[in-house]
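J.: Show me the folded form of this:
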Amino acid sequence: MLLLTASAVINLASGIYQSVDAKEGGSKVEWVEGVSIIVAVVIITLTGAINDFQKDRKFEKLNRKTDERDITVFRPSNPQRIPIQDILVGDVVHLETGDVVPADGVLIDGFSIQCDESSSTGESDLISKIPATHVTAKSLSSCGPFILSGSKIASGVGTFLVTSVVPSSSYGRILMSLHAEPEETPLQHKLGVLAKYTIDGGLLVGGVFFLILFIRFLVDLKNIEGGGKAKGEEFLDILILAITVVVIAVPEGLPLTVTLALAFATTRMLKDQNLVRLLRSCEVMGNATSICSDKTGTLTQNRMTDKESSPDRDKAIIPPAANVVASLPHPFKQVIKDSILLNSTAQDKSTENGMEISGSSTEVALVNFATKHFDISNLSSERARLEIVQLYPFNADKRYFRMFLKGAPEIVLDLCTQQGLADSISEYSSQSLRSIATAYRDLESWPPENTHSPGSEPSFNSVVHDMVFLSLFALQDPLRPEVAASVRDCQTAGVRVRMVTGDNFLTAKSIAQECGIYGPGGIALDGPTFRKLSTAQINLLLPRLQVLARSSPEDKLRLVTHLKGLGETVAVTGDGINDALALKAADVGFAMGIAGTEVAKEASSTILMDDNFASIVKALLWGRAVNDAARKFLQFQFTINLTAGVLTMITVLVGGTSASVFTVVQLLWINLIMDTFAALALATDYPTKSLIYRTPEPRNSSIVNISMWKMITGQCIYQLVVIFVLHYAGQSLFGYHTEQQQAQLQTMIFNIYLWMQFCNMFNSRRVDAGFNFLEGLLRNPAFFFVQSVIAAGQIVIIFKGGKAFGTEPLTGA
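T.: Okay, the predicted model is just below:
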């Protein structure tokens, strides 16, 4: 484009000189061609700049959305969720496992808090934190109360006082440096390689074309009339024409198409509850072959409700919770109430509709049970009755926590002196119910004797034994109504869905059957069994493995690694801090926007804003739409590249520069259509339902498939035949012999060629073997806008283009 601009300036200067030097009454429009070329270059450049500006604005908006997250603060004492940007010095902030600390501060209350400060200090070991009131000179050598922004809470819960915020915090400068340029996506890399070959080919063809014309120019140099000025103009025409052929051959709109498609897709995906953090995930998801999905919140509604409960281990039939609670003596009710309310990270807040409980779905369900059956009006005041002397946060390995013990029933019962509810637990699990057991133990003092060394806290295992079983709750997390259909859609699209969950084996299997993941011939395993399998055994089982229950994050990571080793493109969902490795290892990592920890979100490439499996299906369709956008553009552009290049070169080589089927300005108008306009029109299509019936494409598949080559070849043959017939036989066919009629014939040829491209843009909306190229057209207003601009521009050029475009108005006569 720079060479063309320079040549146009020279052409303009020459034209102005000729116009000034023209004799009285002679033509003074020699400058028009130079001006026309410069105007065309300016229009192409401005249009590209505007598109880039709009694209950058969309990505900037998306980046701001990615940086948004909320955190719980106490103002003045009531918990409330606010954006991290609104945190002020002096705020008291709640922390729990998986949080990313938003500001510097001092820990004022907490239990078993350990921080990963590697992002700030480079220290990979976890750092223990204790409240400031517990700090002694001796304890400072091993742990302290200072919380650094940017560090991750690896375990524990607590609150800290904010002392500095971004950008003054220790992590502020690092956060400011995180806004890097978007990385090159796999599709962009493929297109970059293709563009390089196309550019090299275009330069080679343009160079050979120029060389042939230049040699012919030298041979005919003595025969050119008009002296040195005429010879200079002839050479300049050759140079401009050769450069224009190169401009036509170079796919300038190729990178624009991908970035526009990604910008459009990521913006629309946000409305479909997919927040794309890494652009590559958008297109990679289109060719995913396997999805490893969590159960809770993704396949289910993540709204736990108590179905049944029982403190009686000897009853074979578990009665409704209300009947059980009504029959309990008051002291026993108090113990159950305390086991729920004190042993919980759920928070309450006042709203217009009364008290609202927030926290994990299990915690919320149990607290709602307590408020419903024990007449509790204020959670905070109930908790204030008793002092919590020690709290052991939930641990994914132990699956239980705190002195009021709650967790997986089969684990809790093993720690109790009362057992015998295994049958009830199995029955609950087979009905897709989640079982939660509670237990307690009375202590004479805290800390108990012989459970700790001086200056340290009692270990968990030293105090959690000889527990008394208290109650068993059955919680229901209903399946999302749209999940079964979404799973079927994935299977139709050639994507295998596997459930990977930490839930009970029977519960997971039941839910998987209900949503269509687990079926005849499928295999369901639990984590301990999976860990014992060799690599060869896993590879043998993977094609039939559909459910992995009671799995740890390490199991999920191992599964993902094996699937990728077999050549699959893997998508994974995760919400916990320990899911970060699997999310990073997967080709596409989906973190939960509602239930997910900040660590999981940072490790992910896409965030599910609604934690819904159906949103993954939408991401799959958008990924395929992005890949299709590039193919549509290539199909359309290659047709113009080949036809315009062949037509221009052959007509010039046969008849000379003055015999070119298209003028330079006409070629630039064609270039504007095939690059910028085509990118706008073809990169903004919404996904169509037919995309679900395709199978994923291999990683090394060609960007231009067989169906596209068939369409390109057919269009090229058709267009070349029509234009060559009109160009070389049009005068005899239509009886055009006068100079004006011949000019009208050339205008008609240009007009017909342009309308061929107009119609071919509709055809290019389909890059597979389907016939319905109008599918989804009404959902793409940008396509209609672009086509309207092309049609209006062409009409103006034909009737008003005149000398600038080398056209003669068509009269129909």
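
J.: got a list of what the closest residue to residue 285 other than its chain neighbours touches?
T.: Nearest residue to residue 285 in three dimensions, chain neighbours excluded: residue 623, at 3.7 Å (Cβ to Cβ, 6 or more residues apart in numbering). All C-beta atoms are positioned from the backbone trio N, CA, C, and that covers glycine. The contact partners of residue 623, by Cβ atoms under 8 Å, 6 or more residues apart in numbering, come to 265, 282-288.

J.: Including pLDDT, neighbour count and distance to residue 81, could the residues you listed go into CSV?
T.: Shown next, in CSV, are those (pLDDT from 0 to 100; neighbours: other Cβ atoms under 10 Å; distance: Cβ to Cβ, whole Å):
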residue, pLDDT, neighbour count, distance to residue 81
265, 85, 29, 30
282, 86, 26, 29
283, 85, 26, 34
284, 90, 24, 32
285, 92, 30, 30
286, 91, 26, 34
287, 90, 24, 37
288, 93, 26, 33
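
J.: Just to be sure, residue 436 is in a helix?
T.: No - assessed with DSSP: H, G, I helix; E, B strand; the rest coil, residue 436 is strand; it does not lie in a helix.

J.: what about the residue nearest to it when sequence neighbours are not counted, which SS state?
T.: Nearest in space to residue 436, with sequence neighbours left out and distances taken as Cβ to Cβ, 6+ apart, is residue 473 at 4.6 Å. Put simply, residue 473 is strand when judged by three-state DSSP.

J.: quick one, phi psi at the spatially most central residue of the chain?
T.: With distances taken as Cα atoms, centre = their mean, the residue of the chain nearest its centroid is residue 276 (3.1 Å). Residue 276 has phi and psi values of phi -80, psi 120 when expressed as degrees, to the nearest 10.

J.: and the gap between the residue nearest to residue 285 and residue 278?
T.: Noted for residue 623: a distance of 13 Å to residue 278, by Cβ to Cβ, to the nearest Å.

J.: ditto for residue 50
T.: With distances taken as Cβ to Cβ, residue 50 is found 26 Å from residue 278.

J.: neighbour count winner among these two?
T.: Per other Cβ atoms under 10 Å, whichever of residue 50 and residue 278 has more neighbours is residue 278, with 16 against 11.

J.: Thought residue 605 was touching that one, still the case?
T.: Yes - here residue 278 reaches residue 605: they are 4.0 Å apart, a contact under Cβ atoms under 8 Å.

J.: Distance from the chain centre to stretch 650-663, please.
T.: For stretch 650-663, the separation from the chain centroid amounts to 49 Å (computed by Cα atoms, centre = their mean, to the nearest Å).

J.: Ok, stretch 196-205 next?
T.: 33 Å.

J.: Run through who's touching it.
T.: With Cβ under 8 Å, 6+ apart as the test, stretch 196-205 has contacts from 245-246, 248-251, 254, 641, 645, 649.

J.: can you pull the buried residues of that stretch?
T.: Neighbour-count burial for stretch 196-205 flags 198-199, 202, 205 (criterion: 16 or more other Cβ atoms under 10 Å).

J.: any chance of these in a markdown table, plus pLDDT, secondary structure and distance to residue 663?
T.: Formatted as a markdown table, those follow (pLDDT from 0 to 100; DSSP: H, G, I helix; E, B strand; the rest coil; distance: Cβ to Cβ, whole Å):
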| residue | pLDDT | secondary structure | distance to residue 663 |
| --- | --- | --- | --- |
| 198 | 85 | helix | 24 |
| 199 | 83 | helix | 24 |
| 202 | 84 | helix | 20 |
| 205 | 88 | helix | 20 |
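
J.: ok, so of the residues you listed, who is nearest residue 224?
T.: Comparing the buried residues of stretch 196-205 against residue 224 with Cβ to Cβ places residue 205 closest, at 25.7 Å.

J.: out of the contacts of stretch 196-205, which is most surrounded?
T.: residue 248 (27 neighbours).

J.: how about the nearest residue to that residue, chain neighbours excluded?
T.: Sequence neighbours aside, residue 644 is the residue nearest to residue 248 in space, at 5.1 Å (criterion: Cβ to Cβ, 6+ apart).

J.: and residue 95, bridged to which residues?
T.: Beta-bridge partners recorded for residue 95 (DSSP bridges): residue 158.

J.: typo on my end, residue 440
T.: Beta-bridge partners for residue 440, by DSSP bridges, are residue 468.

J.: Per-residue pLDDT of residue 812, please?
T.: With respect to pLDDT, residue 812 scores 62.

J.: For burial, what's the neighbour tally of residue 260?
T.: Residues within reach of residue 260, counting by other Cβ under 10 Å, total 25.

J.: can you confirm it is in a strand?
T.: No - counting by three-state DSSP, residue 260 falls outside a strand, being helix.

J.: mind checking how far it is from residue 526?
T.: Counting by Cβ to Cβ, the gap from residue 260 to residue 526 is 47 Å.
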